[in-house]
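>>> Show me how the following folds:
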Amino acid sequence: MSTDYSNRYVFKAEWYDKVACIMKKFYLYYYPSNNTIELFDLKTKKTFLKRTICEGIKAKDFYIGAIVIIFSRCIKIMDYADNYTKIKLETQLQKFFVLLKPDVIDKMGEIFKIITNHDFHITNMKMMQLTPTEIAECYFIKDATDKVSMINYLTSGPVVGLELLGENGISRWQELVDPENCKHVYPTATSSLRACCGKDEIYNSIYGSKNIEIAMQELQHFFPNLRNKKGLKTTAILQNCTCCIIKPHAVQARLVGAIIDDIQKADYIITAIQQFHINVINSEEFLEIYKGVLPEYTAMVAELQSGPCVVIEISRKNEDSNIVADFRNFCGPMDPDIARQIKPNTLRAKYGKTKVQNAVHCSDLPEDGVLEVEYFFKILEG
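Residues are numbered from 1 along each chain as shown. Sure, this is the predicted structure:
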């Protein structure tokens, strides 16, 4: 076990060994100076992986709840393992809550791209339809000068809650968003998010936590981690829809904003969106239709449970169109190399890497659209 304490972080981590059918627990050491990793097995008290460089992993990938892929193993970071790591990272990295209000949902992808380009990491997301009672419990309604107008505004359509992570996150977010009263923003900061999207003090499009204490309360309210407490109700309509899953490799590569922006600019409507962590059993169950059909089945299962994925319910204004076939065509052929040759503007051509890591999953058959959406937003979410 390493004794270089001056320049390393250490976490408690887990990995499910499918061969032995056991959960293995480790100390995961990360050395930012040269991007090396070391794993120490807590049961055997022996080094599991000697300190080595692991391609594709960066310092920003290490936070509580993250899944890092170390030589094809999906290692989940459960907690800090010492005070040095906790203090160092919690001082630098801040998690906070952001709410996209009803009038900017159609610009969601564009906003996500701005968030990512300013080095914020989206660690959770969910589209919700808030009720007046739920809004009354929120911090951001307490100081509103016109509570009735604010409640009417926030219940006028779906909203999207985000958990963001960033270095000195809250202060940098306030700089990016700018003053709440957007009428005062335009002359001085036309590049701010509210200047681009907001109208006035009430219709200001985007809210973000004011400080760490408020952030923790808001994150717990919108993204409860207690098993016996459900989150706020999903907006899934479960009809005339199809399912799109932004795969873990694309989420890790921070392509969510770009993919959603392409979807929205192609006139598709996002009626539900949520981040999920799919375990091995659920991954096998969801993809079972491909078992024995596609040689990539085992690799597809491994990819889907390798990290967080973003599940989207897609619909269109024209209900007479075949939404499943239309969107499948928009995603392109399964193999990104083929897609780049014959359909270069499709999602898989632009963002896919291989037949398994091809950026997005989409429903294949007309009846699959609703069934796949129900699997996530009704069965797993319920």
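>>> Next, the nearest residue to Glu319 once chain neighbours are set aside: phi, psi?
Take Glu319 and drop its neighbours on the chain: the residue closest to it by C-beta to C-beta, 6 or more residues apart in numbering is Asn240, 5.0 Å away. All C-beta spots, glycine's among them, are computed from the backbone N, C-alpha and C. Dihedral pair for Asn240: phi 50, psi 50, per degrees, to the nearest 10.
>>> Run through the stretch 251-382 of the chain and note the low-pLDDT ranges.
Residues of the stretch 251-382 of the chain meeting the criterion pLDDT under 70: 320, 382.
>>> Can you list the residue ranges for strands in it?
269-277, 308-315, 360-362 (DSSP state E, counting those that start in this stretch).
>>> other SSEs contacting the longest one?
To tie it back to what came earlier, the one meant is strand 269-277. For strand 269-277, the packing partners by 3 or more C-beta pairs under 8 Å, 6 or more residues apart in numbering; DSSP states H and E come out as strand 121-128, helix 256-265, strand 308-315.
>>> which one of those is the most hemmed in?
Greatest average neighbour count among the helices and strands packed on strand 269-277 goes to strand 308-315 (a mean of 24), per mean count of other C-beta atoms under 10 Å.
>>> For the helix or strand where Ser171 lies, what does the pLDDT average out to?
In the assignment (DSSP states H and E), Ser171 maps to helix 169-177. For helix 169-177, mean pLDDT rounds to 89.
>>> tell me which residues in it are buried?
Using 16 or more other C-beta atoms under 10 Å as the test for burial, helix 169-177 gives 169-170, 172-173, 176-177.
>>> Name all residues that make contact with the closest residue in space to Phe376 that isn't next to it in sequence.
Spatial nearest neighbour of Phe376, excluding adjacent residues (C-beta to C-beta, 6+ apart): Val311 at 4.6 Å. Contacts here follow C-beta atoms under 8 Å, 6 or more residues apart in numbering; on that basis Val311 touches 243-246, 273-276, 376-377.
>>> One more pass at 10 Å, please.
By C-beta atoms under 10 Å, 6 or more residues apart in numbering, the contact set of Val311 is 236, 243-246, 272-276, 278, 361, 372-373, 375-377, 380-381.
>>> Enumerate the beta-bridge partners assigned to it.
Ile245, Gln274 (DSSP bridges).
>>> where's it relative to Pro248, distance?
Per C-beta to C-beta, to the nearest Å, Val311 is found 12 Å from Pro248.
>>> what's the answer for Ile37, then?
According to C-beta to C-beta, Ile37 and Pro248 sit 19 Å apart.
>>> can you check Asn345 too?
Relative to Pro248, and taking C-beta to C-beta, Asn345 is found at 24 Å.
>>> Looking only at neighbour counts, state which of these two leads.
Neighbour count, other C-beta atoms under 10 Å: between Asn345 and Pro248, Pro248 has more, with 23 against 12.
>>> how about the nearest residue to the more buried one, chain neighbours excluded?
Gly307 (3.6 Å).
>>> And for Ala59?
Nearest to Ala59 is Pro32, by C-beta to C-beta, 6+ apart, at 4.8 Å.
>>> circling back to that earlier point, dump the strands of the stretch 251-382 of the chain into TSV; add distance to Tyr80 as well.
Shown next, in TSV, are these (distance: least, C-beta to C-beta, whole Å):
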stretch	distance to Tyr80
strand 269-277	20
strand 308-315	20
strand 360-362	34
